[in-house]
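*Asks:* here is a sequence together with a model predicted from it:
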Amino acid sequence: MSIIENVQPAVKKETGKVAAITGIGLILMWIVFGVLHAFMPQKIPFDYTVFLGGAVGGCVAVLNFFFMGLAVQKAAAATDEDTARMRIKASYSQRMLIQMLWVILAIVAPCFHFVAGIVPLLFPGTGIKIAGIFHTNK
């Protein structure tokens, strides 16, 4: 039995939206890097490190959201409120640890441009807030 089979449709749908938001953010970030590189080629790189850092950072951001959705799904299925609260806290701690490890790796590893690796972590939250501004109830 796969983990995907146990995921509720709402978690799949929202994770898909976050993946699309993150993809759009990555494309815009890469365009900004390209424009800045055109004006300041000595200071702003536009090579594989920018693309690799952005791609891995985007994956970390989407996986973080997916794991949050799974944690909420499991907490909602819990019969005890304390168990649900404990699951949410544990999930938050684990997800923050994964993000911190990624940030450290993005800074230390020469195959990633650190800014391009860290900025995508901001895309899901920012995108959700922007989408919420333009969302209309039908």
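*Replies:* All right, it came through fine. In this text, all values refer to a predicted model and were calculated from it rather than measured experimentally. Numbers count the residues shown, from 1 in each chain.
*Asks:* residue contacts, the residue most central in space within the chain?
*Replies:* The C-alpha lying nearest the average C-alpha coordinate of the chain belongs to Ala61 (Cα atoms, centre = their mean; 1.3 Å). Residues in contact with Ala61, defined by Cβ atoms under 8 Å, 6 or more residues apart in numbering, are 18, 22, 120-124. (Each C-beta comes from the backbone N, C-alpha and C, glycine too.)
*Asks:* for these, which one is nearest Trp102?
*Replies:* Proximity of the contacts of Ala61 to Trp102 (Cβ to Cβ) peaks at Leu121, which lies at 7.6 Å.
*Asks:* pretty sure that closest one is in contact with Val60, am I right?
*Replies:* Yes: with contact defined as Cβ atoms under 8 Å, Leu121 reaches Val60; the gap is 6.6 Å.
*Asks:* in terms of neighbours, single out the busier of those two.
*Replies:* Using other Cβ atoms under 10 Å as the criterion, Leu121 and Val60 rank with Val60 on top: 22 against 18.
*Asks:* what's the distance between the more buried one and Ala77?
*Replies:* 26 Å (Cβ to Cβ, to the nearest Å).
*Asks:* for Lys89, same thing?
*Replies:* Going from Lys89 to Ala77 by Cβ to Cβ gives 17 Å.
*Asks:* before we move on, what about Met68?
*Replies:* 15 Å.
*Asks:* neighbour count for these two, which is higher?
*Replies:* A side-by-side neighbour count of Met68 and Ala77, using other Cβ under 10 Å, places Met68 first with 19 against 11.
*Asks:* any common contacting residues for Leu121 and Val60?
*Replies:* With Cβ under 8 Å, 6+ apart, Leu121 and Val60 have common neighbours 99, 102.
*Asks:* Ile98 touches Met68, doesn't it?
*Replies:* No: taking contacts as Cβ under 8 Å, Ile98 lies outside contact range of Met68: 11.2 Å.
*Asks:* and the next element down the chain from the host helix or strand of Thr22?
*Replies:* Assigned by DSSP states H and E, Thr22 belongs to helix 9-39. The element immediately downstream of helix 9-39 (helix or strand, assigned by DSSP H and E) is helix 48-77.
*Asks:* if anything else comes up later, I'll come back, but that's it for now.
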